[in-house]
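Trainee: The sequence and its predicted three-dimensional model are supplied below.
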Amino acid sequence: MSDQPPVPPAPSWWRQHRWAIGAALLVLAGSTVLGWRWWQGPVVPVDAVVRRDFVQTVVASGRVEAPHRVDIGAQITGTVQQVPVEEGERVHAGQLLISLESAELAAATAQADAAAAQAQARLRRLREVQAPVGVQSVRQAQAALVNANTSLGRSQALFAQGFVGRAALDDARKVAELADAEVRSAQMQLDSLGRTGSDTALAVADVASADANAHAARARAGYAVIVAPLAGTLIGRSVEPGDVVQPGKVLMTLSPAGRTQLVVQIDEKNLRLLALGQPARVSADAYPQERFDAVLSYVNPGVNAQTGAVEVKLDVPQPPPVLKQDMTVSVDIEVARRPAALVVPATSVHDADGAAPWVLRIEGRHAVRRALRIGLRSGGVAEVLEGLAEGDRVVSMSAKAEAGARVRAAAVANP
């Protein structure tokens, strides 16, 4: 027997090529899967065409504004003594806002009141003293005239009898004429003291003038106290104690209490959609979760040439407590409503602003181009009037699929 070890058998062909065969099978399987997927087409995002209530809105931003503002200032030059209110404070009508130093004004008022009292006293003296004295003067003059006429009669009789000369008769006649003139003078003075007389008219006019000066002085003194003309909120204050103020300078700005309005700038392309009375939902940018109602109440007849915008105003029937003057707000104005409308996401509509909008509708395994007729559009949704039916699936424009291509629809995302 030989001592050499046995020779092992030669390796089989399978064992020599098993790794190559396995690799070939994997490549074949992968190619088959890839080919199948290529034949099926790419997976594309799709949206469903659904039927639901649809509201078209015009969205814009604006600010809170009272219907008007009241600028408050001084009517006289003076030094500010007291400012008992702060900016942002609510005030009631007649509440003290600013007081000025008033010592000089008080003195001028007292002087004017004294002048008015003196004029009244002169009028009373005319009526109570001078008028009765005038009556007595007329009576005395009339008595003297009677005596003078009697004396003249006697002198005429004596002259006719030759007992007195012409000189004595002339003297008696002069005395009678002088007495008659004194009666007329006394009567004229009495007439001037009567209700329609000139002296009375002058005295009454002096009283009226003095009273007017006193009223003016009191009014001027009242200008030292500046009060709120109506209830509201102080939204501006530019005065402090010790300041010297002058007429025409705005010291405070008051936002009157009452109706609250929103002023919004709308793009002129939406002007045809607006109408008075349209409802709106509003939120302040500072409080986005607190929404409230408003109503379109005014549309400016002109368009701003620089911005291409139209100013509109909305009334707020029940403004929330958080709403402040000049706050920025976001407004959704409801311009149209369609119950049970057929809608599709605007992101699936090609050439939506053109004359011939279209979509790629899933038909079997292909994306087929379909022309549409679009109605209302708002909030990323378009109303379909013609071209699609409820339940249809359309390819989103983000897929960039081509008409006629084989595609596989991904999960449907409702609008």
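Mentor: Done, it's in.
Trainee: Average pLDDT for the longest strand anywhere in the chain, rounded please.
Mentor: The longest strand of the chain (DSSP state E) is strand 328-345. Throughout strand 328-345, pLDDT has a mean value of 88.
Trainee: Give me the below-cutoff pLDDT ranges for this structure.
Mentor: Applying pLDDT under 70 to the chain flags the ranges 1-41, 67, 411-415.
Trainee: May I see the buried residues of the longest helix along it?
Mentor: In the chain, taking DSSP state H as the definition, the longest helix is helix 131-161. Within helix 131-161, the residues scored as buried using 16 or more other C-beta atoms under 10 Å are A131, G134, S137, V138, A141, A144, L145, A148, S151, L152, S155, F159. Glycine gets a C-beta too; all of them are placed from N, C-alpha and C.
Trainee: Go through the residues you listed and name the one nearest L376.
Mentor: A131 (91.1 Å; C-beta to C-beta).
Trainee: Correct me if wrong: the closest one contacts S192.
Mentor: No - between A131 and S192 there is no contact under C-beta atoms under 8 Å: 9.7 Å.
Trainee: sorry, back to before: for the longest strand of the chain, packing partners?
Mentor: When contacts are defined as 3 or more C-beta pairs under 8 Å, 6 or more residues apart in numbering; DSSP states H and E, strand 328-345 packs onto strand 50-65, strand 260-267, strand 279-284, strand 287-299, strand 373-378, strand 381-386.
Trainee: and it, which residues are buried?
Mentor: Under 16+ other C-beta under 10 Å, the buried positions of strand 328-345 are V329, S330, V331, D332, I333, V335, A336, A341, L342, V343, V344, P345.
Trainee: Make CSV from those residues and add distance to V59 to it.
Mentor: Converted to CSV, the buried residues of strand 328-345 look like this (distance: C-beta to C-beta, whole Å):
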residue, distance to V59
V329, 12
S330, 7
V331, 7
D332, 5
I333, 8
V335, 11
A336, 14
A341, 19
L342, 23
V343, 18
V344, 20
P345, 17
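Trainee: So which residues of the stretch 151-300 of the chain form helices?
Mentor: 166-192, 198-222 (DSSP state H, counting those that start in this stretch).
Trainee: R373 is nearest to which of those helices?
Mentor: Nearest of the helices of the stretch 151-300 of the chain (C-beta to C-beta): helix 198-222, 71.7 Å.
Trainee: A176 versus A168, what's the distance?
Mentor: 13 Å (C-beta to C-beta, to the nearest Å).
Trainee: How many residues are close by the closest residue to N147 other than its chain neighbours?
Mentor: Leaving aside its chain neighbours, N147 sits nearest to A179 (7.4 Å; criterion: C-beta to C-beta, 6 or more residues apart in numbering). With neighbours defined by other C-beta atoms under 10 Å, the count for A179 comes to 20.
Trainee: Much appreciated, bye for now.
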